[in-house]
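Student: My questions are about this predicted structure, shown below with the sequence.
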Amino acid sequence: MNFNYTQLLLAFSPEITLIIGACLVLGADFITQKSVPLSQRVTQSILVGLITLVAAGYLSYTSNQALDIPGIITFDPLAYGSRLCIIILTTLVVCSLGATPGRTQPAEYISLLLLGTSGLIVMPAAQNIILGFLALELASLSLYILTGFDRTRSRSSEAGMKYFILGSTAAAFLLFGISLIYGATGSVDLNLIASHLNSHPLTPLTKISLIFIIVGFGFKTAAAPFHLWAPDVYEGAPATSAALISSVSKLAGFAFFTRLLSLGLAPLRGNLSFKDSSAGWLILLAVLTLASLLIGNLGALAQTNIRRLLAYSAIAHTSTLIIALMIFNTTGASLIIYYTLTYGCALIGIFTILGLLDPEYKSGLITDLAGLSKRSPLLAGLLGLYTLSLAGIPPLAGFFGKFFVFTFALKSQGLSSPLGILVLAGILFSAVALYYYLGILKQIFVKPSTQAPLTIKLNVATLAALILTALVIVVLGIAPQLIVN
Amino acid sequence: MNALPCTIYLSFTGALLTLLIGKRSALGARIVALATALLGLEITLSAALSYIPNPHGLTTLVNTPWISQLGIHYYLAVDGISLTLLILTGLATTAGILFSWNIEERVGEFFALYLVLIGGVYGVFMSADVFLFFVFYEIAIVPKYFLVAIWGSKNKEYGAMKLVLYSFVGSSLVLAGLIWTYAASGASSFGLPDLIQASSHLTHIQHIEIFGLIFFGFATLAGLFPLHTWAPTGHVAAPTAASMLLAGVVMKLGAYGCLRVALPLFPQAIDFWQPIIACLAVLGIIYAGLIALIQEDFKYVIGYSSVSHMGFVILGLISCNLKSLSGAVLQMFSHGIIAGLLFAVVGRMVYERTHTRNLNELKTMGLGKRLPFVACVFVIAGLASMGMPAFSGFPAELTILIGTWKVSAVWATAAAVGILISAAFTLRAIQLAFFSEAKSVTSANTHAFAPITLPEKLGSILLIGTTLIIGLKPDLLFNLINPALQSPYFENIIKGVTS
Amino acid sequence: MNHFPILSFTIFVPLLGALALTLLPNLNEKALKQVGLYLSLSTLLFVVLLLRQFDPTQSGYAITEKYAWIPSLKVNFSLGLDGISLLLIGLTALISPLCILTLPKTNTNSRLYILLFLILQSAALGVFLTLDFIPWFLFWELSLVPSYFLIKLWGGSNAAKAAYQFVIYTMGGSAFMLLAFAGIYFKTGTFNFVELTELAKSGGLTLSLASLGHTWTVIVFLGVFIGLAVKVPLYPFHTWLPLAYSEAPTGASIFMTAVMSKMGVYGFIRILWPLFPTLLHRASGFLVWLALAGVVLGAFAAIRQTDIKRMLGYSSINHLSYCLLALFSISSITPESAMGYAPITAAFAGLLLQLFNHGLSAAALFYCVGFIESQLSTRSITEIGGIRKVAPRLAGFSGVALFCSLGLPGLSGFIGEFLIFKGVWGIHPIISTIACLGLFATAYFLLTFWQNVFHGATTENVKSTLKDFTASDVLTLAPITLLMILLGILPSILIQLFNPLIQHWASSLVLP
């Protein structure tokens, strides 16, 4: 490993910015906490957070492959795109933070968020397994705390605890799998691992390690049958934390595992077809896809709580992303990034609005949304837009994401292959999904209102965030070629 | 001619305008909506009048690359068939808006959704890139749900959900088929001409499989037996203008899809599927007709009659010769107008005044005397629906029968039986609703009804006039349709390529 | 081609006049009736004009017109007049004004009534004059609409069922006819009767249809057959008739029996026979028996009726079955039976005469019965009696019509029936003999009717309420009654119109 510290500094500049920013937020708050009212502290923390993120974003934007440090970090398209999107999404979340009144510890929240982000942006770029794992853990720990942040509600603490326990278990699995890989190949550098595995066929050791890694993967990305944490966490976490988990964490997780599986463990891919399949992670992923599709959609049908419904819908969307992962070697990163970016925008938007509507989280039932179109047409319209994007209605981005994934999947293998069957199942289940998404729309637009008209104070930042997310969805829907290449 | 794509943009703009204006003035919203519809109608009519058939197939309107990595273009093109259906859309929209003049609740939103739906429909009829076709098709789905669920009547939420889910499943099947075609044939783009050329590279089995997917996907929307069950429920639940549009135009989207996409892409599959689909179509004609004969709800009679008439269209389509195809397209137009008229009478003119659609209750009201204009309109609509000569249904059904003889005399005979059944149930409905015997009229029902408003009269005259004109001079449309069918685009189907 | 489109005018004047009537501002009753009457009489004017131009010795169609209508389906609006059509439109011209004059006096929508009859008149004229299937079918179906409404809105107590049955039966037949012609068009590419007849003569029609297979050719034949058979009606397709005739208002009954049933027979002569001579020949052995059943059973059924209108309905079946008997007998001739042309021409002439004369006598009879019914509110033979004493004029006109229907020599009904019997005797003596039963039965019920209703003891209702024919009634029926007497003495007036045609037809009869 020949590198010098200047190289490291330059390569990790966004992360360093974020960490400094985290400290700055805490510091600023420490200085002013006695003399300044809460709302101002909130604004101040958000501002510092935003400045940090913008700086980190700029640094990510200007990074390029010249900053690669082989064996440590890389800035190939997958990494570059993921990092940029993570920062964009996090910025949007931070903008909408101000909407939730009564946040008692804004600075801590923001600083944890920033620290988590620093972990998240390393995940897609890490060439070193250990580094990647550390980043994953850093991010996860932040997210666990952010989930349980709301100490006024037992649900939040319960969710945080559940997330922590299950997450740690999954991390343990992942770590064990990684260590087995190290044992098999003698290296922690993804490139070296790949070349080593190339010359050695699948051994029992690597098979077991695959299984463990897939378990970790399943957990992180909320794929069935490792999805059990999702409904509780989505329901219990404060709105913005849930937004983070569902959007940013998913993107980072997918990027990380894409690199791990498609680049590092590429030789262990195996083959997936009706005639000559061979063992590898493709088959495992196919099983995960099918399970997520079934459990996600069918589970969502039965939900009455909107957040749990979103969790199950997340599981269903994961199935499409896994298909995108499976065809990564033919399509490149743009599909995954497009899909998760637009999906993330939609979810951030939804969670923000949910947070606005029900800040104390009194019940969270879908029927609470009844008559929203009369109470607040703007929020109703935006919520409708997000839901339609999730349902996959053109010309919104959600549709194109699915369409691209399915098209390229079919192009690679055709309809009469297992992948083709998965695609077909995905298409058909989107009809099932439409049912529960329409249920939401029904409440918003069709049902008469049972509550008094809302007076929601939308501050500028939140409004800007919402409009931006909506714009992203619409614009990228009409002109997907901006990203897909 | 080049103004045709403006119909799409106008509709969407109009939708936005009505939404905004509707908050302040209901009348303003209605006027904007009507103006948009009339503009659209004017554009389509003038395009049809100035149309010169392109001997090579479609006349391109717009063709710009959109997502070039997948060869997707924003590609709009028309031929005589598209123009026929575009005119139908214009007419149905105008009439629908006229018949919705009396809606009081959430007026702006109603017309906005209506116009978005129309914009999508215009787009479908003009698309020559299958991906674009699908996008517009899907855009039309969501407004349908809201139109029915918010302003509908009996069972509206259930009806709306069923309608939308069936449409969506149908379109999903189509999407699967289209992606598969594109992927497997190695086509350079999603444009129809390219796909048709590329599809000849597919194997025979693939032709059969994909055709099945795509055709049945479209046929769900067209109401092919046994995938038709959404239609009566959905149309009955929908408000009048929506039923007029749904039964009149949106069902034709499915049939148009079969004609424009499924048949030309996979001519080799026709031999395999023809007997099956023809059988289902004929079953639909007869079965739906028989069900209509025993209905007690007036609107259900019309709903099932729509399924029966669409069976004719599908029979014409699958018989795949020049005569039957032209008959099918004419029937699409004719039934669109007639169904609009029938739903307008039942929903707007009768139901809004009597607040019942039960034929046994209507029997007691002596409507023939109390609503003479409505009775007259319904009799004319009923005659047209029965296929009485001088109305547009007759040349359409006759041409389909002629075409069907070529394929199978059995199907033709069964279709003729269908005509008879449709006469029976239409006559029964007329008799029960308007001309029941004097002794069943109860004295309680003698108060005067609200008078027929001007928009209703205008709408009725518009539709009746159209069906009469086309019935007496069907060549006005045949001259558009036949050259289109004789172009190279449909060559393979009509020649019956079997290898 | 005439440069003055007299045929089109004949057809369309009543129709367009009817449309004008709907749009004109409120005319009073009297004016309405007058305008309607004049429009209806216009046909008579045109018939007179046509008579002057008509040359019976010219073969084929003396006067023709042709306009392109739907070029893409090769459909032309082509009209043609020969002796048969002239005869029938003359009948229509005489009957239609009569119907308009049956306008109920009180509490009625006169405008609608007159409108419906004018449409009906145009429809009938259209059927008799068009030579291309699509316009022919249009007029054929068009005639159903006004009849339905006339029965429904002015009919008796069971009118709804009668009207519904009538329309469904006829439409059922028409649906199969449409199917059959769709098949014919598919195979031959034309809808024109003249062209198809030429094709059939040369054997080309059978050849074209042969590719459908024998079964389907038969089905095409049956399709056309059923459509026409329901209208005449031919036994056993007649079950709709008694109910419809009895429930319909007077005017509608008159038109149905006098004109609409003739449309069916005309269809046999113009369409079925020329297009399918071979098949008809093969079927005619069986069909003759059906016609015979209509003759005999119709007459016997009439005997058992107490409702006068139902009785007259069955009587119509009987009289029209004579026409079909003649037709089927002629078509059943094989070239081996060397019987010469005499029976053929006799039967044919009788057929045409019977068409015209039955129209007159049945119309007059229904008018009188309607007159009685409107005053006494009953149609039952048992409840009415001794009219002759109270209303001699009524009895007089009814008597002429009744005996004409009976076939008394000296009145017009005799010559038609006589010629039919003469012709059929020459072809099928046995059938002819059995048909005589029908004659006897007819005589029986008509004379019984005459005896009970007009002679015999005067019943209460007759004594108190029945008023005799007024001057206007006499004027209305006088022309027809005079014709019945005139044509009884000088039948050659009619025969000369179509005799050359029949001779020509007989000699060129397509015998297999």
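Tutor: Nice, I can see it.
Student: Show me the longest helix that occurs in chain A.
Tutor: Criterion DSSP state H: the longest helix present in chain A is helix A:154-185.
Student: next helix or strand past it?
Tutor: helix A:190-199 (DSSP states H and E).
Student: What average pLDDT does that following helix get?
Tutor: In this model, helix A:190-199 has a mean pLDDT of 82.
Student: ok, now stretch C:139-159?
Tutor: 87.
Student: Could you pull out the buried residues of it?
Tutor: The neighbour-count check on stretch C:139-159 (16 or more other CB atoms under 10 Å in any protein chain shown) flags C:139-155, C:159 as buried. C-betas here are computed from N, CA, C, even on glycine.
Student: ditto for stretch C:436-446
Tutor: Using 16+ other CB under 10 Å as the test for burial, stretch C:436-446 gives C:438-439, C:441-442, C:445-446.
Student: Same list (these) but as TSV, adding distance to A:Tyr338 and secondary structure.
Tutor: Listed next are the buried residues of stretch C:436-446 as TSV, based on distance: CB to CB, whole Å; DSSP: H, G, I helix; E, B strand; the rest coil:
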residue	distance to A:Tyr338	secondary structure
C:Gly438	89	helix
C:Leu439	94	helix
C:Ala441	92	helix
C:Thr442	91	helix
C:Phe445	92	helix
C:Leu446	93	helix
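Student: was I right about C:Arg488 contacting C:Phe414?
Tutor: For residue C:488 the amino acid is Gly, not Arg. Yes - taking contacts as CB atoms under 8 Å, C:Gly488 lies within contact range of C:Phe414: 6.4 Å.
Student: where are the low-confidence patches of the stretch 51-200 of chain B?
Tutor: Across the stretch 51-200 of chain B, nothing is flagged by pLDDT under 70.
Student: Residues of it that sit close to chain A?
Tutor: B:66-70, B:134-135, B:138-139, B:141-142, B:145-146, B:149-150, B:157, B:161, B:164-165, B:168-169, B:172-173, B:175-176, B:179-180, B:182-184 (CB under 8 Å from any CB of the partner chain).
Student: Can you say which of the residues you listed are buried?
Tutor: Those of those that meet the buried threshold are B:66-67, B:70, B:134-135, B:138-139, B:141-142, B:145-146, B:149-150, B:157, B:161, B:164-165, B:168-169, B:172-173, B:175-176, B:179-180, B:182-184, by 16+ other CB under 10 Å.
Student: Output the contacting helices and strands for the lengthiest helix in chain B.
Tutor: If you go by DSSP H, chain B has its longest helix at helix B:156-185. Packing partners of helix B:156-185 (3 or more CB pairs under 8 Å, 6 or more residues apart in numbering or on different chains; DSSP states H and E): helix A:397-413, helix A:418-441, helix B:130-139, helix B:141-151, helix B:192-199, helix B:204-222, helix B:230-237.
Student: got TSV for the ones you listed, with distance to C:Phe186 too?
Tutor: As requested, the helices and strands packed on helix B:156-185 are arranged in TSV below (distance: least, CB to CB, whole Å):
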stretch	distance to C:Phe186
helix A:397-413	43
helix A:418-441	41
helix B:130-139	33
helix B:141-151	39
helix B:192-199	28
helix B:204-222	25
helix B:230-237	31
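Student: Tell me which of the ones you listed lies nearest to A:Arg83.
Tutor: When those are compared by CB to CB, helix A:397-413 sits nearest A:Arg83, at 19.5 Å.
Student: I'd like the mean pLDDT over the closest one, please.
Tutor: The pLDDT scores in helix A:397-413 average 86.
Student: Spell out whether it and chain B are in contact.
Tutor: Yes - under the criterion of CB under 8 Å from any CB, chain B is reached by helix A:397-413 at A:399, A:403-404, A:406-407, A:410-411.
Student: Who are the contact partners of B:His73?
Tutor: B:His73 makes contact with B:63-66, B:129, B:132, B:189-191, according to CB atoms under 8 Å, 6 or more residues apart in numbering or on different chains.
Student: Is it in a helix, a strand, or coil?
Tutor: strand (DSSP: H, G, I helix; E, B strand; the rest coil).
Student: For it, name its beta-bridge partners.
Tutor: Note on B:His73: beta-bridge partners B:Pro65, judged by DSSP bridges.
Student: element containing C:Pro500?
Tutor: Assigned by DSSP H and E, C:Pro500 falls in helix C:492-507.
Student: buried stuff in that helix?
Tutor: Applying a neighbour-count criterion of 16+ other CB under 10 Å, the buried positions in helix C:492-507 are C:494-495, C:497-499, C:501-503, C:505-506.
Student: can you check stretch C:28-45 too?
Tutor: Those would be C:32-33, C:35-37, C:39-44, for stretch C:28-45 by 16+ other CB under 10 Å.
Student: And for stretch A:213-229?
Tutor: The neighbour-count check on stretch A:213-229 (16+ other CB under 10 Å) flags A:213-224, A:226-227, A:229 as buried.
Student: least trustworthy position among the residues you listed, going by pLDDT?
Tutor: Lowest pLDDT among those: A:Ala224, 83.
Student: pretty sure that residue is touching A:Leu294, no?
Tutor: Yes - counting by CB under 8 Å, A:Ala224 touches A:Leu294, with 7.4 Å between them.
Student: Report the contact partners of C:Thr206.
Tutor: Contacts of C:Thr206 by CB under 8 Å, 6+ apart are C:200, C:217, C:278.
Student: Could you tell me which ranges of the chain sit under the pLDDT cut-off?
Tutor: In the absence of a named chain, chain A is used. For chain A, the stretches with pLDDT under 70 are A:1-3, A:98-103, A:201, A:274-277, A:414-415, A:452-457, A:481-485.
Student: looking at chain C here, not the other one
Tutor: For chain C, applying pLDDT under 70 flags the ranges C:1-3, C:25, C:106-107, C:212, C:335-339, C:508-512.
Student: for chain B, what are the nearby residues on it?
Tutor: C:69-73, C:134, C:137-138, C:141-142, C:145, C:152-153, C:159-160, C:164, C:167-168, C:171-172, C:175-176, C:178-179, C:182-183, C:185-187, C:212, C:216, C:219, C:223.
Student: Of those residues, which belong to strands?
Tutor: Residues of the residues of chain C next to chain B located in strands (DSSP state E): C:69-70.
Student: What residues of the one helix or strand B:Thr413 maps to count as buried?
Tutor: In this assignment (DSSP H and E), B:Thr413 forms part of helix B:409-433. By neighbour count with 16+ other CB under 10 Å, helix B:409-433 contains the buried residues B:409, B:411-433.
Student: which among those residues are in contact with chain C?
Tutor: Subset of the buried residues of helix B:409-433 in contact with chain C: B:409, B:412-413, B:415-417, B:419-420, B:423-424, B:427-428, B:431, counting by CB under 8 Å from any CB.
Student: Let's see stretch A:208-227 as PDB, backbone CA atoms only.
Tutor: Taking Å, rounded to 0.1, in the frame of the first residue of the first chain, the C-alpha atoms of stretch A:208-227 are listed here in PDB:
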ATOM      1  CA  ILE A 208     -20.500 -20.500   3.400                       C
ATOM      2  CA  SER A 209     -19.100 -17.100   3.300                       C
ATOM      3  CA  LEU A 210     -21.400 -16.200   0.500                       C
ATOM      4  CA  ILE A 211     -24.400 -17.200   2.500                       C
ATOM      5  CA  PHE A 212     -23.300 -15.100   5.400                       C
ATOM      6  CA  ILE A 213     -22.600 -12.100   3.300                       C
ATOM      7  CA  ILE A 214     -26.000 -12.500   1.700                       C
ATOM      8  CA  VAL A 215     -27.600 -12.500   5.100                       C
ATOM      9  CA  GLY A 216     -25.900  -9.200   5.900                       C
ATOM     10  CA  PHE A 217     -27.000  -7.900   2.500                       C
ATOM     11  CA  GLY A 218     -30.500  -8.900   3.000                       C
ATOM     12  CA  PHE A 219     -30.700  -7.200   6.300                       C
ATOM     13  CA  LYS A 220     -29.200  -4.000   5.200                       C
ATOM     14  CA  THR A 221     -31.400  -3.600   2.100                       C
ATOM     15  CA  ALA A 222     -34.500  -4.900   3.800                       C
ATOM     16  CA  ALA A 223     -34.900  -7.900   1.500                       C
ATOM     17  CA  ALA A 224     -37.100 -10.700   2.600                       C
ATOM     18  CA  PRO A 225     -36.600 -12.900   4.600                       C
ATOM     19  CA  PHE A 226     -34.400 -10.500   6.500                       C
ATOM     20  CA  HIS A 227     -36.900  -7.700   6.500                       C
END
